[in-house]
Each structure stands twice: as structure tokens, then as C-alpha cells.
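Undergrad: Any chance you could fold what I've pasted below:
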Amino acid sequence: MIVEHLSIIQVLAILSASAAGGMRIGLPLLIIGLVRIDELWSNIPLLSSLNPQLIIGILTSWSLFELFGTKKLIGLRIVQIVQLIFSPLAGGLMAIGVSRLIEVEITPLWLLGLIGGLFALVLKFVQVGWFFRLGKIPIGFIFLEDFLSAVLVIFALNAPENGGLIAFMLLWIALRSSTEWKRRLKTEEKK
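TA: Have a look, this model is predicted:
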């Protein structure tokens with residue numbers, strides 16, 4: 001592994017983008033693709049073989065379904081399952097895309113994709129856990145999640161310190177939630 005001149009700002013930008021990919025699939029990829037449509041999608045392995053108009057159409061359709069399909073319980077369950085399956089892919093693609101945009105010099109680049117995908121998967125597991133703990137997520141939380149996902153992408157490109165800080169706070173909340181669930185499970189087993 002060769003890492004040359006990898007700064008903490010670049011790491012924060014990559015984590016911010018990966019966290020956005022862990023919260024939503026379509027919206028972060030759509031935002032980052034629209035910001036740099038000619039540069040970005042030609043550098044991402046899976047998206048480079050597709051037509052940019054097709055990618056925009058698919059990501060727009062999925063983003064709208066993520067937003068409006070979650071109003072009903074069945075739509076929310078479908079979105080949760082699809083996001084759980086594809087969030088590592090979205091987080092990895094976001095990590096690779098942002099690392100190429102900010103010109104991170106690391107070899108192999110797929111390692112950043114793997115780390116970003118795992119980070120996105122952890123965040124998605126906690127969201128699914130909250131979904132099953134609460135039974136139904138309030139609609140305000142869904143809109144907040146969309147807003148936060150878009151903000152994380154924008155921060156990854158323009159203010160990586162803020163985006164990375166938000167990503168670390170989300171990771172802290174995820175770890176805190178999982179330890180709390182373990183504690184409650186042990187308390188319930190003792191009763």
C-alpha cells in the first residue's frame with residue numbers, strides 16, 4: 001500500500017462522502033455526479049461503462065422513491081432492504097469518487113472503497129436497527145436524513161472538516177446505539 005501526502009482533510013472528505021452513501025443511495029451519487037458530471041462518472045469503475053443520462057435517470061428515480069416511497073410502511077421496508085444491500089456499494093463508490101475528485105494519491109484505490117463501504121454499512125445497520133426498534137420512523141426523521149445526506153456530500157467537496165466531524169458524530173451515535181441495545185438485551189435476559 002502506497003500512501004503519499006494523504007492529509008487528514010482528505011480523510012475527512014472521504015468519510016463524509018461515505019457517510020452520505022450510508023444514509024441514502026441515490027441522492028449522494030446524484031449530487032456528486034451533477035457537480036462534476038464530466039469528470040466523476042468516467043473515473044468510477046461501475047459507472048464509467050454506462051451512459052451519463054442513464055445514470056442520472058436511474059439515480060433520480062431512486063432518489064424520488066427513497067423520498068416519497070417511505071411514507072407507507074411497505075415502501076419504507078423495501079427502501080430499508082435495498083439500502084442495506086446497496087449501501088456498501090454506494091459508500092465505496094462515493095469514497096472512490098471523492099478521492100479522485102480531491103486527487104488523493106493512494107494505491108490501491110479499492111482499499112478506500114472498501115473502507116468507505118464498511119463505514120456506510122455500519123451506519124445503515126444502525127438505521128435499520130432503529131427502524132425495527134421503533135416500528136416506524138417518523139416522517140420528519142426521513143426528511144432530516146435526506147437533508148443530512150445532501151449536506152454531507154456538499155461538505156465533502158467544500159468543507160471536509162465539517163463533513164468529517166458530522167461523519168464521526170454519526171459513527172459515535174451508531175456505536176452508542178449498539179452498546180445501548182446490547183445493555184438492554186442483557187437486562188431483558190436477566191429478567
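Undergrad: Which helix in this structure has the most residues?
TA: Longest helix in the chain, counting residues (DSSP state H): helix 160-190.
Undergrad: helices or strands next to that helix in the packing?
TA: Here helix 160-190 touches helix 8-23, helix 110-134, helix 139-158, going by 3 or more Cβ pairs under 8 Å, 6 or more residues apart in numbering; DSSP states H and E. From N, CA and C alone the C-beta is placed, and that goes for glycine too.
Undergrad: Now do that helix, average pLDDT.
TA: Across helix 160-190, pLDDT averages out at 84.
Undergrad: For the residue nearest to Phe155 when sequence neighbours are not counted, which residues are in contact?
TA: Distances taken as Cβ to Cβ, 6 or more residues apart in numbering place Gly163 nearest to Phe155, at 2.9 Å, with adjacent residues excluded. Contact analysis of Gly163 by Cβ atoms under 8 Å, 6 or more residues apart in numbering lists 12-13, 15-17, 19, 151-152, 154-156.
Undergrad: picking that back up, among the helices and strands packed on helix 160-190, which is the most enclosed?
TA: Among the helices and strands packed on helix 160-190, helix 8-23 has the highest mean neighbour count (mean count of other Cβ atoms under 10 Å), at a mean of 27.
Undergrad: Next one: the spatially most central residue of the chain from Gly97, what distance?
TA: For the chain, the residue nearest the mean C-alpha position is Gly21 (1.7 Å; Cα atoms, centre = their mean). When distance is defined by Cβ to Cβ, to the nearest Å, Gly21 is 9 Å away from Gly97.
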